[in-house]
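# Give me a model of this one.
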Amino acid sequence: MLDLKSLANDIQDKIDEVINPIFAKANGVALKKELNKEDRMELENLKLSILCFAQQPEDIKENIIGSMLKTEAPLEIEKCVRSVLSDRIEKYKKDHGGNSPSEKVKKEMKSSAWAICRSNYSKRNKGEVMID
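Residues are numbered from 1 along each chain as shown. Down below sits the predicted model:
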């Protein structure tokens, strides 16, 4: 599982490298930090969707992201990742006096959620039994 989490971190780094400048430019700003709160939330949702479709950092290329998002097969993974991530964020808030996790902690949570869901999806497609 640790290898999958590390892979997810690498994929997220590549997504940031490719998507952040494109999204910022499309929204008329030079840098991600100049986006308003609503645009930053939209960007994070987009990046999470891309993470759910990717299998390797090399999958993240500007010219294939559109087709990646049109594929329906990994929607199950995306639903799983969003559910696991939401649960982890709520648990974090409960354990930390209602405070939200930092961006760094959220990235780790996303990586962990992706690793869990990707692993379960792969096992199910190979006919292996999943243990929750």
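# residue ranges with poor pLDDT in this structure?
1-2, 66-74, 122-132 (pLDDT under 70).
# Would you map the helices across it?
2-26, 37-53, 65-70, 75-95, 103-125 (DSSP state H).
# List the residues that contact the residue nearest to the spatial centre of the chain.
With distances taken as Cα atoms, centre = their mean, Leu48 lies nearest the centre of the chain, 3.0 Å away. Neighbouring residues of Leu48 by Cβ atoms under 8 Å, 6 or more residues apart in numbering: Glu78, Val81, Arg82, Leu85, Lys110. To be clear about C-beta, it is placed using only N, CA and C from the backbone, and glycine gets the same treatment.
# Would you quantify the distance from it to Tyr92?
17 Å (Cβ to Cβ, to the nearest Å).
# Same check on Glu42?
For Glu42 relative to Tyr92 (Cβ to Cβ), the value is 22 Å.
# do Glu58 as well
Taking Cβ to Cβ, one finds Glu58 at 31 Å from Tyr92.
# Compare the two and say which is more crowded by neighbours.
Set Glu58 next to Tyr92 and count neighbours by other Cβ atoms under 10 Å: Tyr92 wins out with 17 against 10.
# residues contacting the closest residue to the more buried one other than its chain neighbours?
In space, Tyr92 comes closest to Pro101 once its chain neighbours are excluded; the distance is 4.8 Å by Cβ to Cβ, 6 or more residues apart in numbering. By Cβ under 8 Å, 6+ apart, the residues touching Pro101 are Ile89, Tyr92, Lys93, Met109.
# can you check Val84 too?
Ser112, Ala113, Ile116, Cys117.
# ok, Cys52 touching Ile77?
Yes. The criterion here is Cβ atoms under 8 Å, and Cys52 meets it with Ile77 at 4.8 Å.
# what touches both of the two?
Trp114, Cys117.
# who has more neighbours, those two?
For Cys52 and Ile77, the more surrounded residue by other Cβ under 10 Å is Cys52, and the numbers stand at 25 against 19.
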